[in-house]
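*Asks:* build me a model from this:
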Amino acid sequence: VQLVESGGGLVQPGGSLRLSCAASGFTFSSYAVGWARQVPGKGLEWVSGRGGQGRDHTTYSDSVKGRFTISSDNAQNTVYLLMNSLKPEDTAVYYCAAAATPETPWLADFGSWGQGTQVTVSS
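*Replies:* Residues are numbered from 1 along each chain as shown. This next block holds a predicted model:
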């Protein structure tokens, strides 16, 4: 299983970014996928998840609900995280993750992780 994130960067408060995660080495459509983030000195925070095996139900943490949208392209084996109305507190390293479960994944379900991409929200 390999996951490679891209799309991070510096953005002003109120701006938008779209993160991408290219997946390989497993049957992408069968796995649940999602995103988590980490601020230096703090633990991982679950951000969003999408179920696998056609169960496309998506969920979001309260801190990002209404601002972030997770989506995936099974033909491209890619999962995205569109982040709108970004706030300084969204600054973190964002990780893509996959779980061998059809259910909507929570943090403890993720067994495979990408290397992370830095998102910085600052004026």
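*Asks:* excluding chain neighbours, what is closest to S71?
*Replies:* Y80 (4.9 Å; C-beta to C-beta, 6 or more residues apart in numbering). The C-beta positions use only the backbone N, C-alpha and C, and glycine is treated the same way.
*Asks:* for the helix or strand containing the one you found, which helices and strands make contact with it?
*Replies:* Assigned by DSSP states H and E, Y80 belongs to strand 78-83. If contacts are counted by 3 or more C-beta pairs under 8 Å, 6 or more residues apart in numbering; DSSP states H and E, strand 78-83 sits against strand 17-24, strand 32-38, strand 45-50, strand 68-73.
*Asks:* now do the SS call for G66.
*Replies:* Counting by DSSP: H, G, I helix; E, B strand; the rest coil, the backbone at G66 sits in coil.
*Asks:* count the neighbours of it for me.
*Replies:* Counted with other C-beta atoms under 10 Å, the neighbours of G66 add up to 9.
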